[in-house]
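A.B. asks: the amino acid sequence is not available; the structure is as follows:
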């Protein structure tokens, strides 16, 4: 599914739209679907709505979730069968993976974590956060993204680093240089 959706993102022409309408795309069973801008609407509060007929065509996973790609600017969302949406961090050509039950979201440029019910479990307040590993995630504030010269990836450098648990408690306060933290 990820390969098909990645192809869709880069090969689908962008459509002109009036204010409030967005070009969206999702995976249908064995097919890629680009939604006309009038079918994917952003209201005055910034909430995105996909019109109901599309929900019956979407390819949901075993947890009842699927990805939705929004163009201009590129954003990714998880959508559930009821049409509720949660913006996810764009990662590995799709919405961030759920690791230990949590995925990352970006709100006003800050990283937080949510569960499959779209509950924000860890408030978005970090400039970067890694996925969880054995109940811990490395997070930072004041760090900056730097391109990796040998690939299309980037590294996070500088700032203050710490470690949180899956409840959002700082088990190592965000007050250290990254190299000083041993996991």
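C.D. replies: That came through fine. Everything quoted here is computed from the prediction, not taken from an experiment.

A.B. asks: isn't there a helix covering residue 83?
C.D. replies: No: assignment of residue 83 by DSSP: H, G, I helix; E, B strand; the rest coil gives coil, placing it outside any helix.

A.B. asks: tell me the pLDDT of the residue nearest to it when sequence neighbours are not counted.
C.D. replies: The spatially closest residue to residue 83, leaving aside those adjacent along the chain, is residue 55, at 5.4 Å (CB to CB, 6 or more residues apart in numbering). Where you see a C-beta, it was placed from the backbone N, CA and C, and this is true even at glycine. Note on residue 55: pLDDT of 84.

A.B. asks: what's around residue 55, how many residues?
C.D. replies: Close neighbours of residue 55, defined as other CB atoms under 10 Å, add up to 16.

A.B. asks: now the one 10 residues further on
C.D. replies: Residues lying near residue 65 (other CB under 10 Å) number 21.

A.B. asks: swap in the one 4 residues further on?
C.D. replies: A total of 24 residues lie near residue 69 under the criterion other CB under 10 Å.

A.B. asks: what pairs with it across the strands?
C.D. replies: Beta-bridge pairing for residue 69 (DSSP bridges): residue 25, residue 76.

A.B. asks: who's in contact with residue 83?
C.D. replies: The contact partners of residue 83, taken as CB atoms under 8 Å, 6 or more residues apart in numbering, are 49-50, 52, 55.

A.B. asks: and what of residue 102?
C.D. replies: 113-115, 121-122, 131-132, 166.

A.B. asks: this structure: helices as residue ranges?
C.D. replies: With helices called from DSSP state H, the chain shows them at 2-11.

A.B. asks: so where's it uncertain?
C.D. replies: Along the chain, the parts satisfying pLDDT under 70 run over 1-21, 29-32, 37, 72, 151-152.
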